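Trainee: Generate a structure from the sequence data that follows.
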Amino acid sequence: MNAHKPYEWRQSERRLAFLCARLFGVLVFVLSPGCMSESAAPAQLCIEGDCASGRGRRADYVRLYEGEFKDGAPHGQGRMRWSDGREYEGEWRAGEPAGAGLYRFPDGAEYEGGVRGGRPNGRGRMRFPDGRVLDGVFEEGYFVGP
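Mentor: Numbering: from 1, shown residues only. Below is the predicted model of the structure:
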C-alpha cells in the first residue's frame, strides 16, 4: 500500500506557561508552572448554553467549540476553531470528530469527507492552496487512492 499523508492533522506544539489569548471574543487566561500542550487537557469554560447535554459554547486556551453536547463532550453536530486558525465543522462522537465533516486550515487547504478519530477516513477530498486535489479513499489520515 502506497500511502501519502497530505497534511499534519494533529499538532503537538508546546505552549508558554502563561498564555493570554483572545479567542473569538472570549478572553481566557491560563496560569501554569510549566509548559502545556494542547493535549494537556486545559480547564474548559462553558460560556453559553448547556455544555453537559444540549447545545452550547465551550472554550479553553487554544480552542472554541460550538454545537451539541452529550455527557459533557462534543457529540452530534458542531464546530471547533483553534487559535492557530484551524477549523472543523461536522459530526462529533464522544468528544472527537467522527462521521462527515469539513476541515479548514490557515493556509487555505480544505478536507471534506469521512472522519474517524479526528482524522480523514473513508471517502473524501483534500484541496490544497496551489490547486492540487486528492479525491478518493483516506485511511487514518493517509490518502491511499482513488
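Trainee: CA atoms for contacts and neighbours, from now on please.
Mentor: Will do.
Trainee: For this structure, give me the ranges with low pLDDT.
Mentor: 1-42 (pLDDT under 70).
Trainee: The same query, at a cut-off of 80, please.
Mentor: Residues of the chain meeting the criterion pLDDT under 80: 1-43.
Trainee: for it, what spans make up the strands?
Mentor: Assigned by DSSP state E, the chain shows strands spanning 14-15, 18-23, 26-31, 36-37, 45-49, 55-59, 63-70, 73-82, 87-93, 96-104, 110-116, 119-127, 133-139, 142-145.
Trainee: Tell me which strands the longest one pairs with, and in which orientation.
Mentor: Right, the one you point to is strand 73-82. Next to strand 73-82 in the sheet, as set by DSSP bridges, lie strand 63-70 (antiparallel), strand 87-93 (antiparallel).
Trainee: Take the ones you listed and lay them out in TSV including mean neighbour count and distance to residue 131.
Mentor: Listed next are these as TSV, based on neighbours: other C-alpha atoms under 10 Å; distance: least, C-alpha to C-alpha, whole Å:
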stretch	mean neighbour count	distance to residue 131
strand 63-70	22	28
strand 87-93	21	20
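Trainee: Any chance of TSV for those strands, columns distance to residue 102?
Mentor: Output for the strands paired with strand 73-82, formatted as TSV (distance: least, C-alpha to C-alpha, whole Å):
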stretch	distance to residue 102
strand 63-70	14
strand 87-93	5
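Trainee: mind checking which of those is nearest residue 122?
Mentor: Closest of those to residue 122 is strand 87-93, at 14.2 Å (criterion: C-alpha to C-alpha).
Trainee: contacting residues around that closest one?
Mentor: 74-81, 97-105 (C-alpha atoms under 8 Å, 6 or more residues apart in numbering).
Trainee: Sounds good, over and out.
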